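# Predicted model and sequence below, questions to follow.
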Amino acid sequence: MKRIVAPSILSADFGNLERDIKMIDRSAAEWVHIDVMDGLFVPNISFGFPVMKPVRRATAKVLDVHLMIVEPEKYVKRFVEAGADYVTFHHEACANPRAAIADIKAAGAKAGVSVKPATPVEAIFDYLSELDMVLIMSVEPGFGGQSFMPHSLDKVRALRKEIEEKGYNCLIEIDGGISAKNAREVFDAGVDVIVAGSSVFGAEDQEQAILNILNA
């Protein structure tokens, strides 16, 4: 299993976004996590294509785009064209996950699916073989600063077991309420990629906060 930290720019200083992206670029983080919210699937609105392009210009690191939007299949190709390396959509928001996965891959990116805290991870097992990544939400999607839901690790363990038993090449990502205090438990459960927002951008030394998560 890998150990990757993906700082979420949803928690960055939007007035100094280039500065914060450059911090990620200098740091031990390998990915940049971009949360796209439409005010419908989740009750908040974040950003879309206009923000993606300058972020792509500012870093060579992996752009990990998490779509918290309705009908994501309408937009996945455009996010790849805007520079996404991974595009993850929600199982709960997509009428035809297989078609969305195929569209993401045809556009040249890797495909992920996310499940909300109330959704059993087994719901995506039918098409798990087609995925490059599964994102387990350990908080309710749409808001930063929430407390980690410990039961989400049961979903991680069930998913890791299925991936290993079937021999799939699929990463496990988790998002919500994670810091250096609980990162070791999260990695030990079988997670490859930790999304970290306020625990990184709220720290006095942000690059050290990333290292602390990686080395937990």
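Right, received. Where do you want to start?

# And the strands in the protein?
4-7, 31-37, 62-68, 86-90, 110-115, 133-137, 171-175, 193-196 (DSSP state E).

# quick one: strands adjacent to the last one?
It stands for strand 193-196. Here strand 193-196 is paired, per DSSP bridges, with strand 4-7 (parallel), strand 171-175 (parallel).

# between those, which gets nearest to residue 45?
Closest approach to residue 45 among the strands paired with strand 193-196 (CB to CB): strand 171-175, 18.1 Å. Every C-beta, even on glycine, is put in place using the N, C-alpha and C of the backbone.

# buried set for the helix or strand bottoming out on mean pLDDT in the chain?
Lowest on mean pLDDT, DSSP states H and E among the helices and strands of the chain sits helix 49-58, with a mean of 89. By neighbour count with 16 or more other CB atoms under 10 Å, helix 49-58 contains the buried residues 51-52, 55-56, 58.

# follow-up on the earlier one: would you mind giving the strands of the chain as JSON lines with distance to residue 149 and mean neighbour count added?
Formatted as JSON lines, the strands of the chain follow (distance: least, CB to CB, whole Å; neighbours: other CB atoms under 10 Å):
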{"stretch": "strand 4-7", "distance to residue 149": "19", "mean neighbour count": "25"}
{"stretch": "strand 31-37", "distance to residue 149": "18", "mean neighbour count": "24"}
{"stretch": "strand 62-68", "distance to residue 149": "17", "mean neighbour count": "25"}
{"stretch": "strand 86-90", "distance to residue 149": "17", "mean neighbour count": "28"}
{"stretch": "strand 110-115", "distance to residue 149": "12", "mean neighbour count": "23"}
{"stretch": "strand 133-137", "distance to residue 149": "8", "mean neighbour count": "25"}
{"stretch": "strand 171-175", "distance to residue 149": "10", "mean neighbour count": "24"}
{"stretch": "strand 193-196", "distance to residue 149": "14", "mean neighbour count": "27"}
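
# out of those, nearest to residue 210?
Among these, strand 4-7 sits nearest to residue 210 (CB to CB), with 5.2 Å.

# so where do the helices sit in the protein?
17-26, 49-58, 76-81, 97-107, 152-166, 183-189, 198-201, 206-214 (DSSP state H).

# looking at those, which is buried most?
Comparing the helices of the chain by mean neighbour count (mean count of other CB atoms under 10 Å), helix 198-201 comes out on top with a mean of 23.
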